[in-house]
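**Student:** Here's a sequence, model it:
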Amino acid sequence: MADRVGSVAELWRYPVKSMQGERVDATVAGERGLSGDRGWAVVDAETGHVVSAKRPKLWLTMLECAAAYAEEPQGDGPAAPVRIALPDGREVHSDDPDRDRLLSDALGRPVTLESRMPEDATYELRAADAEGLDVPEPDRLTESRVGVVAPPGTFFDTSTLHVLATETLEALAGMHPDGRWDMRRFRPNVLVTLDEPPAEGFAENAWVGHSLGLGDETEAVVLAPMPRCVMTTLPQGELPRDPLILRTLAERNRQELGEHGNFACVGAMVNVSVPGRVAAGDEVSVRPQ
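**Tutor:** Take a look at the predicted model:
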């Protein structure tokens, strides 16, 4: 038996990895997550690393770029054409022959825009973000493979869906009242409004190991709490830099993720098990696997 826990408040996808995304009213959720999510990525032409704002000293400008699809992606098919709004107001289209030069100028390094993941792709990040909170030299740079628990060839860092409850953000706002607990800091795909907020404030932790129903068709497996990184603290749009965002998570919701380490977490890592259509307003339910 599945128990209703709430409803889908918002759906978000991020056409280009590490750029701002777009809100959609309805879409298809499949093996590769929401249709079109992380369909593209920027690759550093010098190092071959997939570009990620997890290394903000190089790639903070990525969060100032916004990506949206020029036409609706078709399920798990090829990446649809995308348009990118640059910080200076210019717009770059994926089918523009000059796209890589324009992106390189905006980001300050030679880059390419890719819809297919390079073989053995990795990205750079802090040791604390990759190995857990208690590692020595937390700011040491390390590398991580793209797509740890995602289908091969995708640009996801971990799972293909990220689910987050609005009540979790409200609870965190009470723990750090001066912070801007905006969902954009956490880049969820499915923002859920709960029927009854849990007393402890982190409903997603209790969903781990369960099946999540999204609407009448879609089911997904909740794998683990979602580990958070320095990206949650970075400025974007009118949101200021705020190191206390990550510190608050570390103090209030540390989670052991098996052999991977101890992490500040919020939200849930989820992979779709039964594909289907999902829309804002759909019922969200939880049942044992």
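
**Student:** the strands in the stretch 51-200 of the chain, which residues?
**Tutor:** Assigned by DSSP state E, counting those that start in this stretch, the stretch 51-200 of the chain shows strands spanning 66-69, 82-85, 91-93, 111-114, 122-126, 141-145, 161-165, 190-194.

**Student:** for those, which one ends up most surrounded?
**Tutor:** Most buried of these by mean neighbour count (mean count of other Cβ atoms under 10 Å) is strand 161-165; its value is a mean of 26. From N, CA and C alone the C-beta is placed, and that goes for glycine too.

**Student:** quick check: angle from it to strand 190-194?
**Tutor:** Between strand 161-165 and strand 190-194, the angle comes out at 30 degrees (axes from the mean of the first three to the mean of the last three Cα atoms, to 10 degrees).

**Student:** heads up, I number from 182, so please use that
**Tutor:** Understood, numbering begins at 182; the last thing we discussed is strand 342-346.

**Student:** Need the residues that contact strand 342-346.
**Tutor:** With Cβ atoms under 8 Å, 6 or more residues apart in numbering as the contact definition, strand 342-346 has outside contacts at 187, 210, 214-215, 364, 367-375, 378, 384-385, 388, 393, 401, 403, 407, 447-453.

**Student:** For the protein, which residue occupies the most central location?
**Tutor:** residue 368 (4.4 Å; Cα atoms, centre = their mean).

**Student:** So it sits against residue 201, correct?
**Tutor:** No: Residue 368 is beyond contact range of residue 201, at 9.0 Å (criterion: Cβ atoms under 8 Å).

**Student:** so what sits against both of those two?
**Tutor:** residue 195.

**Student:** who touches the residue nearest to the centre of the chain in this structure?
**Tutor:** The neighbourhood of residue 368, defined by Cβ under 8 Å, 6+ apart, consists of 193, 195, 202, 343, 412.

**Student:** And the residues you listed, which is closest to residue 356?
**Tutor:** Checking the contacts of residue 368 against residue 356 by Cβ to Cβ gives residue 412 as the nearest, at 19.4 Å.

**Student:** can you confirm the closest one is in a strand?
**Tutor:** No: Residue 412 is assigned helix when assessed by DSSP: H, G, I helix; E, B strand; the rest coil, not a strand.

**Student:** check contacts around it.
**Tutor:** By Cβ under 8 Å, 6+ apart, the residues touching residue 412 are 234-235, 237, 244, 366, 368.

**Student:** swap in residue 390?
**Tutor:** Residues in contact with residue 390, defined by Cβ under 8 Å, 6+ apart, are 403, 469-470.

**Student:** Fine by me, thanks again.
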